[in-house]
Every structure is written in structure tokens, then in C-alpha cells.
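Student: Give me a model of this one.
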Amino acid sequence: MARPRHARHHPLGNSPPARQLMVDADSPIIDFYPIDFADDLNGKKYAWQAIALLPFIDAPRLRATLAPVRAMLTAEEAD
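Tutor: Residues are numbered from 1 along each chain as shown. Predicted coordinates for the structure are as follows:
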């Protein structure tokens, strides 16, 4: 079973360098953030009830890509 991600990894998406990784076409993890993706209504009636079918995240690759971003965090942000 996969190890849960530490809560401190989630706010990284709010830092400007990490945000850039989500939108830059040359980002090594851009495939984690597709613009177009399928959704599965799974028997539901409305689009807002659908489940987004997104690619699985390669956690080691994500950690390796975010390592330089983590190094730029202040001590308070890293806690």
C-alpha cells in the first residue's frame, strides 16, 4: 500500500515556483495536470457529480521535481 503524503506537500502548490510547474509546458510534471480529461458520471445525472479521470501521480518523480522548491521554503513554511 502506498505511503500517505505528508501534509506539508499539499501547500507547495500554492507557492509561485510550484505553481509554475503546473502550467509551464516544459515542466517535468506537466502531464500530472492535463487540460483535457474524461469524466465518469458513474450513474449520476449531472456533470458536477462526475468523477474526473486524471492520471496517476508518480510520487518519486513528483518529490524529485519539488525538491528544489522545498529548498526555497522558509523554516516556517517547511514545518
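
Student: Show me the residue sitting in the middle of this structure in space.
Tutor: In the chain, the C-alpha nearest the mean C-alpha coordinate belongs to Phe32, at 6.4 Å (CA atoms, centre = their mean).

Student: residue contacts, the residue lying farthest from the centre of the chain?
Tutor: When distances are taken from the C-alpha mean of the chain, Lys45 lies farthest, 27.9 Å away, according to CA atoms, centre = their mean. Shown in contact with Lys45 (CB atoms under 8 Å, 6 or more residues apart in numbering): no residues. No exception for glycine: its C-beta is placed from N, CA and C like everyone else's.

Student: ok, the residue nearest to the centre of the chain to Leu21 distance?
Tutor: With distances taken as CB to CB, to the nearest Å, Phe32 is found 9 Å from Leu21.

Student: Show me where this protein has its helices.
Tutor: Using DSSP state H, the helices of the chain run over residues 16-23, 59-71, 75-78.

Student: Make TSV from the ones you listed and add distance to Phe37 to it.
Tutor: Output for those, formatted as TSV (distance: least, CB to CB, whole Å):
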stretch	distance to Phe37
helix 16-23	14
helix 59-71	18
helix 75-78	30
